[in-house]
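[1] after the sequence you'll find the predicted model.
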Amino acid sequence: MLERGQIIELALITVGNITDYNDNRSNIYQMATKLLNSIADSVCKSNEFNFPSTTVQLTVSELDTNTGEHRYNVPEDFLGIKKKPIVNTRTPFTVESIQTLVRGNRPIDLRLEGEYIYSYSNPLILNYVRRLPLTEFPEYIKDYLVLMLAVKLAQTIPMYADRLPYLESKLQVEKTNVILAEGSAIPLNLRGGVYNG
């Protein structure tokens, strides 16, 4: 289980702050706490990792007689539709194989409107990313969160700005490590073990 205080302490030490890392009343520590809340939500929303995603079968709330669409309630922890990465796979260049590839990456037939999802599909199997508390994040993402918080601190506090290029490069490498730890399909912008995003 990830501990908020430990992530903040490690991030502050990573940027070179050796005075505030254990003082949870300092202004810098308080800023780091707020930044970590924002980072946790953005990691879940990013669609780059698998751990915040889930698949559910939604039950129909109502049928829209004007359009023929089924209306479903948006799940309470819904942050967005999980997007499938386009992966490095060899595709023979024939017209049929390219058509299959394009059809295979076609988005699901649904639209979001307010607190409802409309779709012609019934039942609707929805793969989506969800909001998770930090305590439910997997252990393998800890170093990524520490580096992401360190980058945000370096961007926010001028005295740490000189560490920013180093921290950003370490963050990209750690992002690759998380993707590989999840056994995810390797995205096209991942070349030779280094993320080129």
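    Thanks, I have the structure now.
[2] only C-alpha atoms from now on, for both contacts and neighbour counts.
    Noted.
[3] I'd like to know how many residues surround residue 118.
    Residues near residue 118, counting by other CA atoms under 10 Å, number 24.
[4] again, but for residue 79
    Residue 79 has 20 neighbours, counted by other CA under 10 Å.
[5] what about the helices in the chain?
    All helices of the chain, identified by DSSP state H, fall at 4-15, 27-45, 95-104, 142-156, 164-181.
[6] next one: the second one to chain centre, how far?
    Taking CA atoms, centre = their mean, to the nearest Å, one finds the center of helix 27-45 at 14 Å from the center of the full chain.
[7] could you check the angle helix 4-15 makes with that helix?
    Orientation of helix 27-45 against helix 4-15 (axes from the mean of the first three to the mean of the last three CA atoms, to 10 degrees) gives an angle of 110 degrees.
[8] so what touches helix 27-45?
    Contact with helix 27-45 is made by 4, 8, 20-21, 23-24, 49, 52, 79-80, 129-134, 145, 148-149, 152-153, as judged by CA atoms under 8 Å, 6 or more residues apart in numbering.
[9] one more pass at 6 Å, please.
    With contacts defined as CA atoms under 6 Å, 6 or more residues apart in numbering, helix 27-45 is touched by 52, 79.
[10] hey, C-alpha coordinates of that helix in CSV?
    Output in CSV follows, covering the C-alpha atoms of helix 27-45 (Å, rounded to 0.1, in the frame of the first residue of the first chain):
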residue,chain,number,x,y,z
ASN,A,27,4.6,25.6,3.0
ILE,A,28,6.5,23.4,0.5
TYR,A,29,5.2,20.2,2.1
GLN,A,30,1.7,21.5,2.0
MET,A,31,2.1,22.4,-1.7
ALA,A,32,3.5,18.9,-2.4
THR,A,33,0.4,17.4,-0.7
LYS,A,34,-1.9,19.4,-3.0
LEU,A,35,0.2,18.6,-6.1
LEU,A,36,0.1,14.9,-5.2
ASN,A,37,-3.7,14.9,-5.1
SER,A,38,-3.8,16.4,-8.6
ILE,A,39,-1.1,14.0,-9.9
ALA,A,40,-3.1,10.9,-8.6
ASP,A,41,-6.2,12.0,-10.6
SER,A,42,-4.2,12.8,-13.7
VAL,A,43,-2.4,9.4,-13.6
CYS,A,44,-5.8,7.7,-13.5
LYS,A,45,-7.2,9.9,-16.3
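[11] flag the shaky bits of the protein, pLDDT-wise.
    Along the chain, segments meeting pLDDT under 70 span 84-108, 184-197.
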